[in-house]
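# Give me a model of this one.
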Amino acid sequence: MANIEALRPFQEEDLPFFAKVKKSLMLYEPRMGKTVETCKIIAEDPECNVILIACSKNALSTWLDHLETWFKHINPTYSIEIRLVRGKNSAAAATRKGIWNTPRKADVTVYLVTYAALINDSKNASIPKWLIFDTVIADEFHRALQNRNNKSSELFRHLVRRAKRFHPLSGTSVGKLGPADLWCVLNMCNPVEFSSYWTFVQRYCWVVEGVFGMEITGVKDPVNWKLTLHRYARVRDRATHAPQMPKVQRDLLWVSMDTGQNKFYSQMEKDQVTITPDGKLHVAINSLEEFVRKRQILTCPAILDPSLGMGAAFEDLVEKMEEAREDKDESGYHIAIFTAYKKAIEPWKRYLEEKGFPVQLLHGGLEPEDLNLRIATFRQNKGVIICTTKFAQAFSLTPAIQCFHIGWEFNPNENKQAEDRLVPQQGDFNINSWYYAYNNTEDVFYADRVTQRAEFIHRTLGNTTEQAEAILEDYHNNNQDGIPY
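Residues are numbered from 1 along each chain as shown. Okay, here's the model as predicted:
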């Protein structure tokens, strides 16, 4: 069971808002305590008796731990039952149906469920109509509730309509569309004010006619947008609260392709085809496939052919780790490696183990118990943990203080969420996050694009809470007619 942690000042400051605005967003950067604060909010609300928490599979154990801790701390006389709803096969589906349909007996019943299981059980009518959730929590909602027309959004509209409290949580909530990415959950919070998607987009986003139709290109009217968001959300970032949070320092590590990489990369770029030493023909039938193949060659050539090696970036990293081991600098080889390509992690693991480094792998498909065991082993034995970037959420890889990205994601939020796995809840040291990039390749262009997208995200959210409060104060000092929404 987790220990009760004292909330940070900004969390204490936000509690009255969430207590009052019962359908609202918590947009805290990763490792700033979304889970802890949400548990405190619902544990202190006597109307939260039947609670639905939807999350990813690797977040289940974190929620389970914190829920038990906070409810027993705040309401020691309450009986609480946490029902874990998960599994994929037909046998698991039958078990889940039994969990949904078993009558409640405790004062508080929490249904802790993965998004996939929730959607499947709703589609199969496994959830009884008499089961109404007074509280709905959507953890990392950006993975399921950004598309306003998909099945998960339709389901949550139905669930939230009948709920008294709804909190969508995210540390990486805004992607390439900016404010448009938040319309879906804002619509759930207030379907009257946010009734029309395109009215909302036309008001807060720059929209142009593109090759494939209307395209959203930026944030329009940022002052009123942040005022509007401030009424329905609290946004917190580590940069603003740096004295309370460790910092992440990011840097690019430029390398040059080795001979094999250069050969096959050039062939793919010139002819959209390459033949690897194992005799396999790799053909890119379109520009997208060409792009993916070149990225694989840069990340780990062994993805295409085991005889091609690990790639210059990985070789450079291993050299750094060996030097750190020789210098007896444990921080230099107690690290996390993130990559977008799952096929790279097994070759890397074998290579590192041959060098004498203990290695753990994290990727999709792991059960929470296995996930926890691998992380615990990594902490105890030092060494390396290799994790697919999109999988890196809702767990901690402390006390490691360095991570390396080889084959990074193009959405900066995905990379950022991964590196935040190393950020402790408390501490005054910095986290080093290194991004490998290749000279004379498309990395030169895309590294810049990722930076531009990060700036767009900052413009969308920024330090919204602090900025909105300053705007409100200034407006009240100069106007008497209310706030212009």
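# all strands of the stretch 301-450 of the chain, in order?
Under the criterion DSSP state E, counting those that start in this stretch, strands of the stretch 301-450 of the chain are mapped to 335-339, 359-362, 384-388, 402-405, 431-438.
# can you put these in TSV and add mean pLDDT and distance to Ala376?
(Glycine included, C-beta is placed from N, CA and C.) Shown next, in TSV, are the strands of the stretch 301-450 of the chain (pLDDT from 0 to 100; distance: least, C-beta to C-beta, whole Å):
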stretch	mean pLDDT	distance to Ala376
strand 335-339	94	15
strand 359-362	95	9
strand 384-388	95	11
strand 402-405	92	18
strand 431-438	87	20
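# Out of these, flag the one nearest Glu215.
Closest approach to Glu215 among the strands of the stretch 301-450 of the chain (C-beta to C-beta): strand 431-438, 27.5 Å.
# Quick check: neighbours of that closest one in the sheet, parallel or antiparallel?
Here strand 431-438 has these sheet partners by DSSP bridges: strand 248-255 (parallel), strand 402-405 (parallel).
# ok, back up a step: please identify the deepest-packed of the strands of the stretch 301-450 of the chain.
strand 335-339 (a mean of 26; mean count of other C-beta atoms under 10 Å).
# My guess is Ala163 contacts Asp134. True?
Yes - taking contacts as C-beta atoms under 8 Å, Ala163 lies within contact range of Asp134: 5.9 Å.
# May I see the strands of the stretch 301-450 of the chain arranged in JSON lines, with distance to Phe314 as well?
JSON lines is the format used below for the strands of the stretch 301-450 of the chain (distance: least, C-beta to C-beta, whole Å):
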{"stretch": "strand 335-339", "distance to Phe314": "8"}
{"stretch": "strand 359-362", "distance to Phe314": "13"}
{"stretch": "strand 384-388", "distance to Phe314": "10"}
{"stretch": "strand 402-405", "distance to Phe314": "9"}
{"stretch": "strand 431-438", "distance to Phe314": "8"}
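# Quick check: which of those strands is nearest to Arg238?
strand 431-438 (10.2 Å).
# Taking strand 335-339 as reference, get the angle to the closest one.
For strand 431-438 against strand 335-339, the angle by axes from the mean of the first three to the mean of the last three C-alpha atoms, to 10 degrees is 40 degrees.
# got the contact list for strand 431-438?
246-257, 298, 312-313, 316-317, 401-406, 408, 415, 419, 422-423, 443-444, 447 (C-beta atoms under 8 Å, 6 or more residues apart in numbering).
# For the stretch 351-485 of the chain, give me the ranges with low pLDDT.
In the predicted model of the stretch 351-485 of the chain, residues 425-429, 447-485 satisfy pLDDT under 70.
# Look up the closest residue to Lys320, ignoring the ones flanking it.
The spatially closest residue to Lys320, leaving aside those adjacent along the chain, is Gly332, at 6.7 Å (C-beta to C-beta, 6 or more residues apart in numbering).
# where's the one you found relative to Glu319, distance?
Counting by C-beta to C-beta, to the nearest Å, the gap from Gly332 to Glu319 is 11 Å.
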